[in-house]
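A.B. asks: I need the structure of the sequence given here:
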Amino acid sequence: MSIVEHPPLPKGQGLDFMLRGADSGYFSAIGLPILRGRTFNEDERGKRANVVLISRGAAQQYFPGEDPIGKHLKTIDEGGVWTVMGVVGDVRWNVAKPPMPTLYSPIYGNGYSFGTIVVRSSHDADSMAVPVQKIVAQLDPDLPVSNVMTLREAIGKSTIDSEFDSILVLAFAIIALVLAAAGLYGVLAYLVAQRLVEFGIRLALGAQRNALLSHVLLDGLKPAMAGLLIGLPASAAVVRLIRSMLYETEPLDPAVFGAVAGLLLIVAIAACLVPAWYASRLDPMRALRTD
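C.D. replies: Have a look, this model is predicted:
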């Protein structure tokens, strides 16, 4: 499409919209706010009225710094002209994708071969399926009704692939974390066993057990800190590869990175604490006899 009030676009170019047909009651039923202007009236809802509503994203993208109400959109191929009469909130056609510029026209007058009935109720949503199907059957027995689901189920259907991918990535991350913790524990426990005589001598000469605990603990945390210093910038560089699995979360969210770094440090401390505690509680005489 193109905007009549704007300069003509180069040949072959146009503004892209996702086209939706809607009844005037759709917006209140789905909870989509009317931000500016109005929705369809009774005269416009049942005929081919050349009036449309556009989404907030479309208004911001195609009408920056101006009021789109009263402006006219023209289809490049057919030459039809539509008047913008309202701006509504954005809606996602897929929760894993950003909202697209959307155009709403009266559904009854534009030749749609199918439609979706949205029912808003204070009762249990599942209990509404059969009554709605009966009403549709009374209006037209030959009209098929399919894909009856709640809005929550529709969202779940839209996110099932991303949810599976997220669970898979999370499972691998947990396995990697467990393996890293086990490896860190094993290496530090081996080093403590190799240095038992040294620790025994230190304790015999008056070294404080808490100081020895801190010394061994810091030795074990050095690889973990090095891993964080390398891993955090590396993950920031590759996190864009999983952008499609994120919903309402920025790829470089500081809170998420901080929480992950804190979790890794806690796991590393827990893995190092047992060998460090064992080293600090050695009997000096017993340690000296092990050589």
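
A.B. asks: how about the strands of the protein, start to end?
C.D. replies: Taking DSSP state E as the criterion, the chain carries its strands at 2-3, 18-22, 34-37, 51-55, 72-74, 81-88, 102-106.

A.B. asks: Stretch 239-250 - what's its average pLDDT?
C.D. replies: Mean pLDDT, stretch 239-250: 66.

A.B. asks: For stretch 115-130, measure first residue to last.
C.D. replies: Using Cα to Cα, to the nearest Å, one end of stretch 115-130 lies 18 Å from the other.

A.B. asks: re earlier: nearest to Leu228, out of the strands of the chain?
C.D. replies: Closest to Leu228 of those is strand 51-55 (Cβ to Cβ; 42.0 Å). Every residue, glycine included, has its C-beta placed from N, CA and C.

A.B. asks: and that closest one, which strands flank it?
C.D. replies: Partner strands and pairing direction for strand 51-55 (DSSP bridges) are strand 81-88 (parallel), strand 102-106 (antiparallel).

A.B. asks: What are the contacting residues of it?
C.D. replies: With contacts defined as Cβ atoms under 8 Å, 6 or more residues apart in numbering, strand 51-55 is touched by 17, 22, 37, 39-40, 44, 62, 68, 73, 82-91, 99-106.

A.B. asks: go again using 7 Å as the cut-off
C.D. replies: Contacts with strand 51-55, where a contact means Cβ atoms under 7 Å, 6 or more residues apart in numbering, come from 39-40, 44, 68, 73, 82-88, 90, 99, 101-105.

A.B. asks: for stretch 116-123, same thing?
C.D. replies: Counting by Cβ under 7 Å, 6+ apart, Tyr26, Ala29, Ile30, Met128, Val132 sit against stretch 116-123.

A.B. asks: what does stretch 39-46 give?
C.D. replies: Outside stretch 39-46, the residues within contact range by Cβ under 7 Å, 6+ apart are Asp23, Ser24, Phe27, Val51, Leu53, Gly86, Pro106, Tyr108, Gly109.

A.B. asks: Repeat the analysis, applying 8 Å as the threshold.
C.D. replies: Here stretch 39-46 has contacts from 22-24, 27, 49, 51, 53, 86, 88, 106-109, using Cβ under 8 Å, 6+ apart.

A.B. asks: will you turn those residues into TSV that also has neighbour count, pLDDT and distance to Val197?
C.D. replies: Converted to TSV, the contacts of stretch 39-46 look like this (neighbours: other Cβ atoms under 10 Å; pLDDT from 0 to 100; distance: Cβ to Cβ, whole Å):
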residue	neighbour count	pLDDT	distance to Val197
Ala22	25	86	81
Asp23	18	84	84
Ser24	17	82	86
Phe27	21	90	78
Ala49	19	70	92
Val51	18	87	89
Leu53	28	93	81
Gly86	20	92	82
Val88	24	94	77
Pro106	25	84	88
Ile107	19	79	84
Tyr108	18	70	90
Gly109	17	57	91
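
A.B. asks: The closest residue to Thr39 other than its chain neighbours and Ser105, how far apart?
C.D. replies: Of all residues not flanking Thr39 in the chain, Ser24 sits nearest, at 4.8 Å (Cβ to Cβ, 6 or more residues apart in numbering). Per Cβ to Cβ, to the nearest Å, Ser24 is found 12 Å from Ser105.

A.B. asks: got it, and Leu273?
C.D. replies: 65 Å.
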